[in-house]
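Undergrad: A predicted structure for the sequence below; I have some questions about it.
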Amino acid sequence: MRVLIADDEPAIRKTTRIAVETSGHTALEAHNASRAVKAVEDEAFDAVFLDLMLGSDDGLDVLGRLLKVRPSLAVVMFTAYANIATAVEAMRRGAFDFIPKPFTPDQIRAVLGKIGKTRALEQRVQALESDLALESPPLDLESEEPVMQRALQIAFKAAETQATILITGPSGTGKTVLAREIHRRSSRRDGPFVTVNCPSLSKELLESGLFGHVKGSFTGAVVDTVGKVSAAEGGTLFLDEIGEMPLEIQPKLLRLLQEREYERIGEARPRKADVRVIAATNRNLAAEVKTGRFREDLFYRLNVIPVSLLGLRERAADVRRLAESYLRFLAARAGKKAAAFSSEVLAALTAYAWPGNMRELRNVIERAVILAPGDTIEASDLPEELGMRSDGHAVVLGGKVTIEQLEAEHIRRILGVSHSLDEAARTLGIDPATLYRKRQKLGLV
């Protein structure tokens, strides 16, 4: 590391320099505040040892000037006037550490070791963030569709408050992505974002995972566990697929929302919780309330700010932009030059109903990038479910296709987005028996 020693005592500078250099680092010296600030302005340093009384200058003021130039600089304060109040004030203003005079070379080496470990961790985090960026496409939370625009506006306005938000929409529409962005735009952005996947665990494990438990509270509870609520303290608790939460746990979640209190399993003492709750579901919770599968009072507590995301088939104006964004990202990740879609592919992408929404769109583009032999994605690179004929052409309105081909493709898409055969038959305007025969003819049974 490159280290600057800013002290008005030559003996202190010499002692510190020897300790720094024998630790394998490079040291430069400054005997007053102006030279120290000028050095940091002109050169990059990893650390500065700064005297609290630097000649006639207050070292705490100099600390502020140094950090203004280089906010990531690790500044260690020296002082012959060691007291807790001064140490706290130095740390509050951004100092990395505090060493009282007189000090030993071992103290210098120890703090250099701490700085080195911190720098290594920061570099590791940067590397992990870079790796994550390669796995995740650029965030796209825009839309040309007015209904979607309004939903996003509501979400981002509510992000600035502490209100509970309920995000609804079909699977694959980006509910988790939106929840993370709401957290990022909130006053809790520096706190944790903790996800609870409600359908992934049994009732017992979900309750324990959410609220925690004490040792011996049930078979297998061999240690105390804090739970996700505690882990989200000061941040955001994201309840994914809240519609799947068992009825037995719902009263405890209601208490958390109403009173900001909860209890660990096996513990009678209530605990306070400072968390902001965002929930998401692909179910119609109002309908679930009518059937008795979801508590009405919990629904109203969750539904303070409702945000409803559209399926991709209702965002036809966005499909091209989203597809091209995925193409750039996935082609770069695969080390390929695929840079464009053919006009026929764009027509097919826009016409398709996308029952799997954003998740399906990404998978289709990734497959096409892998299979495409050239720089342009052609119709033959798309899967059959997008309405590709055996000759590699798309089945789209206005294209050179037969009525039978259009009918077959339309039936496939309606079946793909319908919850039942009866619903599909109603949409198509035919009776279920006719639909069954057509499915047999198309080989869809």
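TA: Received, thanks. Everything numeric in this text was worked out from a predicted model, so none of it was measured.
Undergrad: when you work out contacts or count neighbours from here on, use the C-alpha atoms and nothing else.
TA: Noted.
Undergrad: residue 403 - how many residues pack around it?
TA: 10 (other Cα atoms under 10 Å).
Undergrad: okay, now the unreliable bits of the stretch 1-150 of the chain?
TA: 81-84, 126-138 (pLDDT under 70).
Undergrad: show me the helices in the stretch 301-445 of the chain, by range?
TA: 316-334, 343-351, 357-371, 403-417, 421-428, 432-442 (DSSP state H, counting those that start in this stretch).
Undergrad: closest to residue 166 out of these?
TA: helix 357-371 (19.4 Å; Cα to Cα).
Undergrad: angle of that closest one against helix 316-334?
TA: Between helix 357-371 and helix 316-334, the angle comes out at 40 degrees (axes from the mean of the first three to the mean of the last three Cα atoms, to 10 degrees).
Undergrad: so for helix 357-371, what gets flagged as buried?
TA: 357-358, 361-362, 364-366, 368-370 (16 or more other Cα atoms under 10 Å).
Undergrad: got the contact list for the nearest residue to residue 435 once chain neighbours are set aside?
TA: Nearest residue to residue 435 in three dimensions, chain neighbours excluded: residue 425, at 6.3 Å (Cα to Cα, 6 or more residues apart in numbering). Residue 425 is in contact with 431-432, 435, counting by Cα atoms under 8 Å, 6 or more residues apart in numbering.
Undergrad: could you turn the buried ones of those into a PyMOL selection?
TA: To isolate the buried ones among the contacts of residue 425 in PyMOL, judged by 16+ other Cα under 10 Å, type:
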select buried, resi 432+435
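Undergrad: coming back round to it: now render the helices of the stretch 301-445 of the chain as JSON lines, adding mean pLDDT.
TA: Supplementary listing: the helices of the stretch 301-445 of the chain in JSON lines, determined by pLDDT from 0 to 100:
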{"stretch": "helix 316-334", "mean pLDDT": "90"}
{"stretch": "helix 343-351", "mean pLDDT": "85"}
{"stretch": "helix 357-371", "mean pLDDT": "90"}
{"stretch": "helix 403-417", "mean pLDDT": "73"}
{"stretch": "helix 421-428", "mean pLDDT": "84"}
{"stretch": "helix 432-442", "mean pLDDT": "81"}
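Undergrad: these: which one's closest to residue 183?
TA: helix 357-371 (21.0 Å).
Undergrad: of the helices of the stretch 301-445 of the chain, which is nearest residue 157?
TA: Of all those, helix 316-334 sits nearest to residue 157, with 22.1 Å by Cα to Cα.
Undergrad: got the buried residues for that closest one?
TA: So for helix 316-334, counting by 16+ other Cα under 10 Å, buried means 316, 318-320, 322-331.
Undergrad: the closest residue in space to residue 111 that isn't next to it in sequence: what's it in contact with?
TA: Excluding the flanking residues, the one nearest residue 111 by Cα to Cα, 6+ apart is residue 97, at 7.6 Å. Residues near residue 97 by Cα under 8 Å, 6+ apart: 75-77, 91, 111.
Undergrad: now, of those residues, which are buried?
TA: Buried subset of the contacts of residue 97 (neighbour count, 16+ other Cα under 10 Å): 75-77, 91, 111.
Undergrad: from the residues you listed, which land in strands?
TA: The strands, defined by DSSP state E, take in 75-77 from the buried ones among the contacts of residue 97.
Undergrad: ok, those vs residue 310, which is closest?
TA: residue 75 (50.3 Å).
Undergrad: residue ranges of the strands in the stretch 1-150 of the chain, please?
TA: For the stretch 1-150 of the chain, strands defined by DSSP state E, counting those that start in this stretch occupy the ranges 2-6, 26-30, 47-51, 53-54, 57-58, 74-79, 97-100.
Undergrad: which one of those strands lies closest to residue 309?
TA: strand 74-79 (44.7 Å).
Undergrad: in JSON lines: the contacts of residue 425, plus distance to residue 306.
TA: Output for the contacts of residue 425, formatted as JSON lines (distance: Cα to Cα, whole Å):
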{"residue": "431", "distance to residue 306": "36"}
{"residue": "432", "distance to residue 306": "36"}
{"residue": "435", "distance to residue 306": "37"}
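Undergrad: what is the nearest of the contacts of residue 425 to residue 4?
TA: Using Cα to Cα, residue 435 comes nearest to residue 4 of the contacts of residue 425, at 79.8 Å.
Undergrad: tell me how far the closest one lies from residue 404.
TA: As for residue 435, its distance to residue 404 is 14 Å (criterion: Cα to Cα, to the nearest Å).
Undergrad: try residue 273
TA: 61 Å.
Undergrad: also residue 371?
TA: 29 Å.
Undergrad: so who does the residue positioned nearest the centre of the chain touch?
TA: Nearest to the mean C-alpha position of the chain, by Cα atoms, centre = their mean, lies residue 180 at 4.5 Å. Counting by Cα under 8 Å, 6+ apart, residue 180 touches residue 193.
Undergrad: from residue 155, how far off is it?
TA: Taken as Cα to Cα, the span from residue 180 to residue 155 is 11 Å.
Undergrad: for residue 51, same thing?
TA: For residue 51, the distance to residue 155 equals 49 Å [Cα to Cα].
Undergrad: more crowded one of the two?
TA: For residue 51 versus residue 155, neighbours defined as other Cα under 10 Å are more numerous around residue 51 (30 against 22).
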